Structures are given as C-alpha cells and as structure tokens.
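Colleague: here's a sequence, model it:
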Amino acid sequence: MNNWQELLRYPLSDDRWILKLLIGSLITLVPVVNLILFGYVIACMELGMKGSRQLPEWEAWRDYLSDALSSGLILLAYLVIPIVLTVVLSHIPLIGTVLGAIIIMLAGALVPMSLAAFTLRRDISEAFSLGDILRQIKRSLETYLLAYLLLIIAICLGFTLIIALPYLACLWSLMIFYTAVVFSYLIGFLARSV
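Modeller: Numbers count the residues shown, from 1 in each chain. Got it, this is the predicted structure:
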C-alpha cells in the first residue's frame with residue numbers, strides 16, 4: 001500500500017462498491033446477524049493478502065458464517081482474561097477502569113494480526129502463534145498501531161453516534177463498516193509476506 005489515501009479509496013475501486021457497502025452497512029445494524037461481518041472481514045483480509053482491489057462478494061454466506069465463528073472464538077480467547085481483569089479492576093475507582101481499558105486495548109491489538117494468521121492458513125492454532133504474530137506486528141509497527149487506533153476511534157464514534165442520533169444510523173453504520181473493510185484489507189496486506 002503506497003499511502004493512506006490509496007488505502008481509504010480501496011473499497012471504491014470495486015465496480016459494485018455502492019451495493020456491497022450498502023449491504024454491509026445494513027447488516028451492521030442488525031443485532032446477531034451482524035456477527036457475519038467477522039466473516040466478511042476475513043474475506044477482506046484474504047483479498048489484502050492477494051493484493052486484489054475488489055471487495056468480496058456477498059454470495060459466500062456459509063463461508064462468512066464459518067469464518068465468523070472461528071473469528072469469534074479467536075477474539076474470545078484473546079479478550080476473556082482482560083475482560084475479567086477489567087471487571088475486577090473496576091472496583092478501584094478511576095485507576096482500575098483506566099488500567100482495565102489499557103489491558104483490553106493491548107490484548108485487542110493482537111487480535112487483527114492473529115485473525116490474519118488464521119486467514120492465511122485457515123487453521124485456528126495459527127492465531128495463537130504469538131511469536132509469529134508479534135514479529136508480523138513489529139515488521140510494520142507504526143502503520144499497524146496507527147490503523148488499530150483509527151479503527152477503535154471510528155467504531156466507538158460510530159456506535160456513539162448511532163445511539164445519540166439514531167435517525168442517521170445508516171450513515172454511522174456505513175462509517176463503521178467502511179472502516180472495518182479498509183482496516184482488514186490493510187491487515188491482510190501487511191500480513192501477506194509471513
């Protein structure tokens with residue numbers, strides 16, 4: 001990826017980008033059904049690994065569901081202990097909450113590259129090869145961390161706006177979905193030369 005502008009325009013290079021983004025944005029708004037987006041994110045990572053400039057089609061629902069379940073297990077494995085620690089630390093006013101948030105953010109930073117490791121070989125055990133995952137992150141640390149931070153900000157902002165201004169929910173869900181597509185494509189691109 002040559003620059004951030006090129007990356008941000010990536011979804012728009014697809015001939016059917018409007019339809020694909022609209023479908024993803026609408027799915028983002030539907031509780032439970034929106035979990036399938038994890039599968040779509042994996043497909044975006046895969047295309048980033050291949051250097052393809054197209055968005056995934058929405059026809060592979062069964063694959064997206066399967067990948068969503070695998071992704072959910074990986075996410076849960078990485079975040080269950082930090083979440084439990086955060087609950088325990090939350091009993092310490094202010095400091096505990098801040099420490100808990102930091103712990104979750106640090107553990108969460110491992111998740112995207114672990115999902116890329118899973119995507120590369122379609123083997124869940126690859127998502128827990130911490131040495132390989134840390135080496136991959138270190139190889140592109142600045143870009144990876146900046147992208148991760150921007151993803152967190154966009155998702156938090158999007159969900160906050162959905163709650164605050166629900167009549168514009170479709171616009172905010174588009175922002176969330178678009179950010180997830182761009183981020184997952186970038187992670188795939190960064191992970192492609194494992």
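Colleague: show me the longest helix that occurs in this protein.
Modeller: Assignment by DSSP state H gives helix 61-89 as the longest helix of the chain.
Colleague: just checking, what packs against that one?
Modeller: Contacts defined by 3 or more Cβ pairs under 8 Å, 6 or more residues apart in numbering; DSSP states H and E place helix 61-89 against helix 37-50, helix 95-121. Where C-beta positions appear, they are placed from N, C-alpha and C, glycine not excepted.
Colleague: of those, flag the one that's most buried.
Modeller: Counting by mean count of other Cβ atoms under 10 Å, helix 37-50 has the highest mean neighbour count of the helices and strands packed on helix 61-89, with a mean of 23.
Colleague: so which residues make contact with it?
Modeller: 24, 27-28, 54-56, 58, 60, 63-68, 70-72, 75, 115-116, 118-120, 177, 180-181, 184-192 (Cβ atoms under 8 Å, 6 or more residues apart in numbering).
Colleague: what subset of the residues you listed is buried?
Modeller: Taking 16 or more other Cβ atoms under 10 Å as the criterion, what is buried in the contacts of helix 37-50 is 24, 27-28, 55-56, 58, 64, 67-68, 70-71, 75, 115-116, 118-120, 177, 180-181, 184-191.
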